[in-house]
Structures are given as C-alpha cells and as structure tokens.
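A.B. asks: Generate a structure from the sequence data that follows.
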Amino acid sequence: MKFFIDTANLREIQEAVELGVLDGVTTNPSLMAKEGIKGMDNIMAHYRQICEMVDGDVSAEVIGITFEDMVREGEMFAELHPNIVVKVPMTRDGVKAIKHFSEKGIKTNCTLIFSAGQALLAAKAGATYVSPFVGRLDDIGHDGLVLVQQIVDIFSNYGYPTQVLAASVRHVPHLIQCAEIGADVVTCPLNVITGLLNHPLTDKGLAQFLADHKKVNG
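C.D. replies: Numbering: from 1, shown residues only. Next up, the predicted model:
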C-alpha cells in the first residue's frame, strides 16, 4: 500500500518525507487556500516545490469545470514536473478530460468519487487513480469503506490498472481497514500516518527495557 499525505503544507510534507514512508502527495484548492497560496504563478511554484521534495506522485487539481478549461490547466500542470498527476472532478467533462489526458500519457486522479459507477467510468476513461471519499460518505450515514471494497472488487474482476486511492481517510482505523480491503493507496493527514506509531504497550515495553538496563548499567 502507498501512503500519500493530503496537504499543501511544506513542513508537514517534509516531516512525512523524513519519516521515510511517504509515496506521494494529494492537494486540492481548499488545502492550497489554507496555506495562503493564491495566484497561478504562486500555485505553480508551490507545486514545483512539492515535487522537488517528494519522490512520488503529486496531485494538482484543476479549477476549470469545462472540458476545455480542464485540458488547458491540466496540460500546464503536467509540464511542471514528471511527478504531477492532474486531479480532475468526477463530472461529464471530467471524464472526457481524463480520456484526453490518458491518450496523451498524462497521469490523472479522478476525485470526488462517491459511487462504484463513477469509479468504473473513470477507470474506463483511463484514470491513473480514482479517489473514493471515505469520511464524507460516513458523514451522511453511509459506510465509505463499503464503497472502497466495491471498487477494489470491480477493478479486480476486469483487470483495470486504475489504482484505488482511498481519500478522506480521517483516522488510523480507516487506514487499517483500507489496507485490509486492498486499496492501492491511502491519502490522509500527517497525524493519521504518525498515529500508526502509537501503542501503549510499545511505550510501556520500551520504558521497562530502559529501566532494566539502567538498573544493571547505572
């Protein structure tokens, strides 16, 4: 399973890189706005900086909602760095744009996936990744993990190369369950990744080892 961090914060990305387990980064317009990144020149420079920090795919999301605007923005992003994956919304024009990018060899991430049918459309159009939103489905009383399982099963049935990128992963149990289901990738905040480090028995055992060592060695 690949671990992507869902942020545009350079400090958090660097911390994840230093941990040695980071495989990529996902961003969106909200995350860029949170960091105060505005204006296309600044946005492009920020994506370039992230790509230089990370040895893996970096999703850059288009703002346009028409096919023409998505293609224009996506091709501009793709020229920035080989690590760029063009992030496209699950809409009619988005599916058309994914097909266009696929034919040009440009990697894509189809975002805002909330049904297996949407994921199937994106895979048939040639998406590199599809991003089902686990937490947002949970918020409306659905089990987001069931959707991840459906998509994994469908892609396995037909041998689609599209990777299942579980998004809106909010806590450690989400991540572990995605791993059990067989999601190819999870993207989540830094605290979810670092949360995997924690177990009270690990802390207790380490404290005991150190105490025993000190008794003998002073």
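A.B. asks: Can you get me a residue count around Arg179?
C.D. replies: That one is not Arg; residue 179 is Ala. 12 (other CB atoms under 10 Å). Any C-beta I mention is one placed from the backbone N, CA and C, and that applies to glycine too.
A.B. asks: now the helices for the protein?
C.D. replies: Assigned by DSSP state H, the helices in the chain fall at 10-19, 29-34, 40-53, 67-78, 92-103, 116-125, 134-139, 144-158, 172-181, 190-195, 200-217.
A.B. asks: Val86 is nearest to which of the ones you listed?
C.D. replies: helix 67-78 (3.9 Å; CB to CB).
A.B. asks: relative orientation of that closest one and helix 40-53 in degrees?
C.D. replies: 50 degrees (axes from the mean of the first three to the mean of the last three CA atoms, to 10 degrees).
A.B. asks: and helix 67-78, C-alpha only, in CSV?
C.D. replies: Extracted C-alpha coordinates of helix 67-78, given in CSV (Å, rounded to 0.1, in the frame of the first residue of the first chain):
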residue,chain,number,x,y,z
PHE,A,67,-13.5,20.2,-20.8
GLU,A,68,-11.5,23.0,-22.5
ASP,A,69,-10.5,24.6,-19.2
MET,A,70,-9.6,21.3,-17.6
VAL,A,71,-7.4,20.4,-20.5
ARG,A,72,-5.7,23.8,-20.6
GLU,A,73,-4.9,23.8,-16.8
GLY,A,74,-4.0,20.1,-16.7
GLU,A,75,-1.6,20.3,-19.6
MET,A,76,0.0,23.3,-17.9
PHE,A,77,0.4,21.4,-14.6
ALA,A,78,1.7,18.3,-16.4
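A.B. asks: ok, back up a step: can I get the helices of the chain in JSON lines including mean pLDDT?
C.D. replies: Shown next, in JSON lines, are the helices of the chain (pLDDT from 0 to 100):
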{"stretch": "helix 10-19", "mean pLDDT": "97"}
{"stretch": "helix 29-34", "mean pLDDT": "94"}
{"stretch": "helix 40-53", "mean pLDDT": "96"}
{"stretch": "helix 67-78", "mean pLDDT": "98"}
{"stretch": "helix 92-103", "mean pLDDT": "98"}
{"stretch": "helix 116-125", "mean pLDDT": "98"}
{"stretch": "helix 134-139", "mean pLDDT": "96"}
{"stretch": "helix 144-158", "mean pLDDT": "98"}
{"stretch": "helix 172-181", "mean pLDDT": "97"}
{"stretch": "helix 190-195", "mean pLDDT": "97"}
{"stretch": "helix 200-217", "mean pLDDT": "92"}
